[in-house]
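K.L.:
Show me the folded form of this:
(one chain, ligands or ions: 1)
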Amino acid sequence: MKIGFIGLGNMGAPMAANLAAAGHEVTGFDLAAPCPDGVAAAASAQDTASGADVVITMLPNGEILRSVAAQLHGAMKPGAVHLDCSTVDVDSARAVAEAAEAAGVSAVDAPVSGGVGGASAGTLTFMAGGSEDAFATVAPLFEVMGQKAVHCGAAGAGQAAKICNNMILGITMIGSCEAFALADKLGLDRQKMFDVVSTSSGYSWVMNAYCPAPGIGPVSPADNDYQPGFAAALMLKDLRLSQQAAEAVDADTPLGEAATALYTQFVEAEDGGGKDFSAMLPRFAARGRTG
Ligand code: NAD
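P.N.:
Numbering: from 1, shown residues only. Here you go, the predicted structure:
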């Protein structure tokens, strides 16, 4: 396929490189980052669109996505697909899909799970929203860039799935870290705590695959001095999106709200910004009930 790729940062660059390595003709554009190997540089976002079957965006937020989409859709050929893989708010995903339709092109919102490691290895999971036809058009690209793609529903459904998943992830991380910190103070050995919880009803992906305690379970960012991994600042971004969406539809999410408040404090008022989101464990371990 002929593919345009806009946003060649930590995630976009390896994704674009994998598409090029798989034999697709990829033209890229970024305001700052260079094009990776195999990707031809375009002069502008619009230039990536000319003649492209699919234009992929991998951008920081919904506001930037909306402004890039406004430049892009008119330059795309009729029937082409705008595939947005950024993590953005549900409203922006739906607005971009409406704008695409008005311009005679299709849109798929398909945020990813798997991080920079998954982007490089081509093992991302995509959660997609959009029409059956548009999903079918981009499905072969999901196979190159990832290992699984779930078609979640109409426009915005991919972003909805992503923020619900990551709200669970943030809450579960906090719960697991709280429990380790409590176990420490009760004199319970962390390895024993892991051995019990990872095979009992408290088990989770966080505990079993991404254990926040160093030296326990499979290798995780905790074993690398809490270098990300999945940065606490990115977790905060996703939690905020979950609360923005919850407010918009009047959903009651008290633990999502509490997790957002805790990660806000950790990232903005403490030293959590550059750390992995599992660094909540040393944070809790160093505190008592009143701080
Ligand atoms: P990044 O900041 O490394 O890359 C974003 C790129 O977009 C930058 O290179 C920037 O120069 C470029 N850009 C910004 N505005 C632009 C514009 N108007 N035109 C062209 N290029 C523009 O971010 P990232 O880590 O690659 O993340 C991208 C998206 O993926 C985000 O929405 C993020 O939430 C999501 N995501 C990231 C991870 C992760 O682990 N990094 C995991 C899952 C999802």
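K.L.:
Where does this structure get nearest to the ligand, residue-wise?
P.N.:
residue 9 (1.8 Å; Cβ to the nearest ligand atom). For every residue, glycine as well, the C-beta is placed using N, CA and C.
K.L.:
Count the residues that sit near that residue.
P.N.:
The local packing count at residue 9 equals 15, with neighbours defined by other Cβ atoms under 10 Å.
K.L.:
Now for it: which residues touch it?
P.N.:
If a contact means Cβ atoms under 8 Å, 6 or more residues apart in numbering, then residue 9 has 30, 33, 58, 60 as its contacts.
K.L.:
Can you read off the backbone torsions of it?
P.N.:
Here is the backbone geometry of residue 9 (degrees, to the nearest 10): phi -90, psi -150.
K.L.:
For whatever helix or strand residue 163 lives in, buried residues please.
P.N.:
Under the criterion DSSP states H and E, the helix or strand holding residue 163 is helix 157-185. Neighbour-count burial for helix 157-185, with 16 or more other Cβ atoms under 10 Å as criterion, is recorded at 157-177, 179-181, 183-184.
K.L.:
Among the contacts of residue 9, name the buried ones.
P.N.:
30, 58.
K.L.:
Next to the ligand in this structure, residues from the protein, please.
P.N.:
Residues of the chain that fall close to the ligand, judged by Cβ under 6 Å from any ligand atom: 6-12, 29-33, 45, 58-60, 64, 68, 86-87, 112, 115-116, 230, 234, 237.
K.L.:
Can you pick out the ones from those residues that are in helices?
P.N.:
Within those, membership in helices is found for 12, 45, 64, 68, 115-116, 234, 237, as judged by DSSP state H.
K.L.:
Using a markdown table, lay out these together with neighbour count.
P.N.:
Formatted as a markdown table, those follow (neighbours: other Cβ atoms under 10 Å):
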| residue | neighbour count |
| --- | --- |
| 12 | 24 |
| 45 | 22 |
| 64 | 17 |
| 68 | 23 |
| 115 | 17 |
| 116 | 15 |
| 234 | 18 |
| 237 | 19 |
